[in-house]
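>>> please work out how this folds:
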Amino acid sequence: MKKHKFILGVDVSKNTLDIYCTQINEHLQIQNGTVGFREFLIWCKAHKIDMKNCVVVMEYTGGYEYKLIQFCENKKIPFIRIPGLAIKRSLGIIRGKNDKVDSKRIAQYASEKHSSLKISKPLDKRIVQLKELIRFRKRCVKENAGYQATIKERKHIHTDLEKDIIVKELEQKLGFNEKIISKVESEIMNIIETNDSFKINYDLITSIKGIGKVNGWMTIAYMENFTSFPDGRTYAVYVGVIPFDHSSGTSIKGKKRVSHLANKELKSELSQAAKSAMQWDKEIREYANRKLKEKGWGTVVNNVKFKLILRMFAVVKRGTKYVDSYHIAA
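A predicted model of the protein is given here:
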């Protein structure tokens, strides 16, 4: 990345933005919105911060940073989004925490890592909408699971449920949530089907046995339609599938294990895909049966997840659907 004269670290929250500039050692807190952005421009002008020669650095927050990103795009200010854990791990032992201090730490991190950081690409509003819909759907599905569990418990406890108002109310909530989930899923598919590149890649990856609609949606959304990760191995590290060594010299001889620093939501959905593939895909079923004689269940499932990731990248790269041409040897 080119050297910028001014680096602005921003701690993002729902209502406020804390901004710190290392070069002038100044802090500003503003509202996270239009009024605050006007104050920010005035502040920059007062401190002679050249907007053409600065970069805004912020953490991923899951959505609160979107207004700031839209402002940066409108004013053509380059910005970088960094995982909060990357900043936290780089700081070592720290004492104290508040928004002003956090913005300063973000700016300091960006100053130290400036040469290795890459400017983030503009937001694709369709990707943002997909992520929001997927998260909302998951919340509704989770609520329904809780309702179903309560109904099941009451059926074990009470013999006459016709007059049970709790069961009746929960059943109504279940039906209402099912309608919401159906509408959300229709909107997700509408976004995918009305975009040629989304639709092509979605059809390619869901041709793989085990990769169903939910994994297809999440892969398109979180991989930003296969533009955010250069290859399957890099994505597998992000998801938490690749095991790493855990050893040092002669005293520490731990087994290889996956890192807990991963997108656990994607990892969980891939686990379901792996179990499905182990049941319905002949090649993977034979592979899993063979490996289960040597390794534990968790390790084998993890390996299958990695195979599915590699298959997804392979079909997208080739531009052709997955063809099951495997034959089990007699």
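>>> quick test: name the residue nearest the centre of the chain.
Nearest to the geometric centre of the chain sits Tyr222, at 5.1 Å (C-alpha atoms, centre = their mean).
>>> run through the stretch 1-150 of the chain and note the low-pLDDT ranges.
1-2, 61-62, 83-99 (pLDDT under 70).
>>> oh, I was asking about the stretch 201-330 of the chain
Using pLDDT under 70, the stretch 201-330 of the chain drops low at 243-262, 326-330.
>>> thinking again about what came up before, show me the contacts for the residue nearest to the centre of the chain.
Tyr222 is in contact with 131, 228, 263, 266, counting by C-beta atoms under 8 Å, 6 or more residues apart in numbering. Heads up, the C-betas are built off the backbone N, CA and C, glycines and all.
>>> the third one: neighbour count?
Asn263 has 15 neighbouring residues, counting by other C-beta atoms under 10 Å.
>>> any idea how far it is from Thr234?
13 Å (C-beta to C-beta, to the nearest Å).
>>> got it, and Ile49?
Ile49 is 35 Å from Thr234, by C-beta to C-beta.
>>> related to what we said a few turns ago, quick one: which of the contacts of Tyr222 sit in helices?
131, 266 (DSSP state H).
>>> by neighbours, which of the contacts of Tyr222 wins?
Leu266 leads those on contacts (other C-beta under 10 Å) with 22 neighbours.
>>> just to check, that one is in contact with Met218?
Yes: Leu266 is within contact range of Met218, at 5.9 Å (criterion: C-beta atoms under 8 Å).
>>> just give the nearest non-adjacent residue to Thr320, would you?
Of all residues not flanking Thr320 in the chain, Leu204 sits nearest, at 7.5 Å (C-beta to C-beta, 6 or more residues apart in numbering).
>>> got a list of what that neighbour touches?
Contact analysis of Leu204 by C-beta under 8 Å, 6+ apart lists 312, 315-316, 319-322.
>>> quick check: PyMOL command selecting the buried ones in those.
Here is the PyMOL command that selects only those of those that count as buried (16 or more other C-beta atoms under 10 Å):
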select buried, resi 312+315+316+322
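>>> redo the contacts of Leu204 as JSON lines? Include distance to Phe79 and secondary structure.
Below are the contacts of Leu204 laid out as JSON lines (distance: C-beta to C-beta, whole Å; DSSP: H, G, I helix; E, B strand; the rest coil):
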{"residue": "Met312", "distance to Phe79": "29", "secondary structure": "helix"}
{"residue": "Val315", "distance to Phe79": "33", "secondary structure": "helix"}
{"residue": "Val316", "distance to Phe79": "28", "secondary structure": "helix"}
{"residue": "Gly319", "distance to Phe79": "32", "secondary structure": "coil"}
{"residue": "Thr320", "distance to Phe79": "37", "secondary structure": "coil"}
{"residue": "Lys321", "distance to Phe79": "37", "secondary structure": "coil"}
{"residue": "Tyr322", "distance to Phe79": "37", "secondary structure": "coil"}
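>>> just send the contacts of Leu204 back as JSON lines, with distance to Ile82 too.
As requested, these are exported to JSON lines (distance: C-beta to C-beta, whole Å):
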{"residue": "Met312", "distance to Ile82": "26"}
{"residue": "Val315", "distance to Ile82": "31"}
{"residue": "Val316", "distance to Ile82": "27"}
{"residue": "Gly319", "distance to Ile82": "33"}
{"residue": "Thr320", "distance to Ile82": "36"}
{"residue": "Lys321", "distance to Ile82": "36"}
{"residue": "Tyr322", "distance to Ile82": "35"}
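>>> closest one of the contacts of Leu204 to Phe198?
Val316 (11.7 Å; C-beta to C-beta).
>>> what ranges do the strands span in the stretch 151-300 of the chain?
Applying DSSP state E, counting those that start in this stretch to the stretch 151-300 of the chain gives strands spanning 243-248, 252-258.
>>> roughly how far does Lys45 sit from Arg38?
Distance, Lys45 to Arg38, using C-beta to C-beta: 11 Å.
>>> picking up where we left off before, neighbour count: Ile49 and Thr234, which is higher?
With neighbours defined as other C-beta under 10 Å, Ile49 and Thr234 compare such that Ile49 has more, 19 against 14.
>>> is it true that the more buried one touches Cys21?
Yes: between Ile49 and Cys21 there is a contact under C-beta under 8 Å: 6.6 Å.
>>> what do these two both touch?
Common neighbours of Ile49 and Cys21 (C-beta under 8 Å, 6+ apart) are 6, 8.
>>> helix, strand, or coil at His27?
Following DSSP: H, G, I helix; E, B strand; the rest coil, we place His27 in the strand state.
>>> does it touch Tyr20 like I think?
Yes: with contact defined as C-beta under 8 Å, His27 reaches Tyr20; the gap is 5.0 Å.
>>> quick one: which of those two has more around it?
Neighbour count, other C-beta under 10 Å: between His27 and Tyr20, Tyr20 has more, with 26 against 16.
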